[in-house]
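Chemist: How does the following fold in three dimensions:
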Amino acid sequence: MSATLQLDDVRLAYDGAHGLHTVVDGFSLSLDAGRIGCLLGPSGCGKTTVLRAIAGFEPLRAGSIRLGERLLSSAGVHLPPEERRVGMMFQEYALFPHLTAAQNVGFGLRRLPQPDQRARVAEMLALVGLAESGGRYPHELSGGQQQRIALARALAPSPALLLLDEPFSNLDAATRERLTVEVREILKAAGQTAVLVTHNEAEAQAMADHIGLMHNGRLTRWTA
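Modeler: The predicted structure follows:
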């Protein structure tokens with residue numbers, strides 16, 4: 001089940017050659033369950049670092065991150081990524097070339113009984129409009145189809161939150177425009193809470209319920 005995301009006064013920094021280098025500071029936002037938020041800004045503004053912190057790949061120097069009632073991160077707490085119920089979809093779809101589309105979608109479901117795995121995979125393939133393509137391999141799919149399989153794989157374990165890091169950047173403009181709308185519809189149909197990171201304003205406008213503008217590691221606006 002999707003959950004509300006809450007970041008309060010988050011600070012992220014690295015130890016550098018000349019001391020502590022702060023990348024994100026004073027970052028706060030709230031995103032209700034089932035809503036799609038977007039962090040929009042140029043390269044180097046800290047948006048991907050925030051995404052990595054939510055996923056559990058970056059520890060906090062200050063502040064906190066909560067998902068529903070669970071504390072994921074604070075200055076003294078760091079829940080491992082695998083325990084966060086957070087799914088991720090990257091620029092590179094990272095589909096396994098030796099597995100079929102259905103096997104890729106089911107990769108994160110290996111702890112489920114086989115009948116439950118098959119049912120969930122079929123449900124996800126239908127959700128992304130590729131019910132008849134489960135037996136095909138990634139190289140037999142178009143870029144847009146690969147992207148939808150990657151989305152189905154990310155949604156299959158029922159994450160409380162889905163993070164999307166520039167997921168359309170490797171697609172041509174026409175495919176990107178079409179898939180932005182399609183992915184929003186898929187996420188809404190699934191009732192999925194999601195955070196998108198992009199530098200593309202049109203993409204943000206088409207996908208998100210709320211847009212956060214980032215500049216120099218700070219959230220300057222959070223709009224509906």
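
Chemist: ok, the residue nearest the centre of the chain - contacts?
Modeler: What sits nearest the mean C-alpha location of the chain, by Cα atoms, centre = their mean, is residue 163, with 1.3 Å. Residues near residue 163 by Cβ atoms under 8 Å, 6 or more residues apart in numbering: 51, 54, 55, 86, 87, 88, 89, 194, 195, 197. All C-beta spots, glycine's among them, are computed from the backbone N, C-alpha and C.

Chemist: rerun at 10 Å
Modeler: Contacts for residue 163 (Cβ atoms under 10 Å, 6 or more residues apart in numbering) come out as 5, 48, 50-52, 54-55, 86-90, 154, 193-197.

Chemist: Tell me which of these fall in helices.
Modeler: Judged by DSSP state H, the subset of the contacts of residue 163 located in helices is 48, 50, 51, 52, 54, 55, 154.

Chemist: Would you mind giving the residues you listed as TSV with neighbour count and pLDDT added?
Modeler: Converted to TSV, the ones in helices among the contacts of residue 163 look like this (neighbours: other Cβ atoms under 10 Å; pLDDT from 0 to 100):
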residue	neighbour count	pLDDT
48	18	93
50	27	97
51	21	95
52	17	95
54	23	97
55	19	96
154	24	92
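
Chemist: From these, pick the one nearest residue 64.
Modeler: Here the nearest of the ones in helices among the contacts of residue 163 to residue 64, counting by Cβ to Cβ, is residue 54; it sits at 11.5 Å.

Chemist: Spell out the residue ranges of the strands in the protein.
Modeler: According to DSSP state E, the chain carries its strands in the segments 5-16, 19-31, 36-40, 62-67, 70-74, 86-89, 161-165, 194-198, 210-215, 218-223.

Chemist: circling back: quick check, pLDDT for the residue nearest to the centre of the chain.
Modeler: Looking at residue 163, its pLDDT reads 96.

Chemist: now residue 57
Modeler: Residue 57 is assigned a pLDDT of 95 by the prediction.

Chemist: repeat for residue 203
Modeler: For residue 203, the model assigns a pLDDT of 92.

Chemist: re earlier: could you export the strands of the chain as a markdown table, including distance to residue 118?
Modeler: A markdown table is the format used below for the strands of the chain (distance: least, Cβ to Cβ, whole Å):
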| stretch | distance to residue 118 |
| --- | --- |
| strand 5-16 | 31 |
| strand 19-31 | 33 |
| strand 36-40 | 29 |
| strand 62-67 | 29 |
| strand 70-74 | 30 |
| strand 86-89 | 20 |
| strand 161-165 | 23 |
| strand 194-198 | 26 |
| strand 210-215 | 36 |
| strand 218-223 | 41 |
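
Chemist: Please report phi then psi for the nearest residue to residue 216 once chain neighbours are set aside.
Modeler: Beyond its immediate neighbours in the sequence, the residue positioned closest to residue 216 (Cβ to Cβ, 6 or more residues apart in numbering) is residue 45, lying 6.5 Å away. Main-chain torsions, residue 45, degrees, to the nearest 10: phi -90, psi -10.

Chemist: I figured residue 45 hits residue 198, correct?
Modeler: No. Residue 45 is beyond contact range of residue 198, at 11.5 Å (criterion: Cβ atoms under 10 Å).

Chemist: Residues that sit against both of the two, list them.
Modeler: residue 39.

Chemist: For the protein, name the helix or strand with the lowest mean pLDDT.
Modeler: For the chain, using mean pLDDT, DSSP states H and E, the weakest element among its helices and strands is helix 173-190, scoring a mean of 89.
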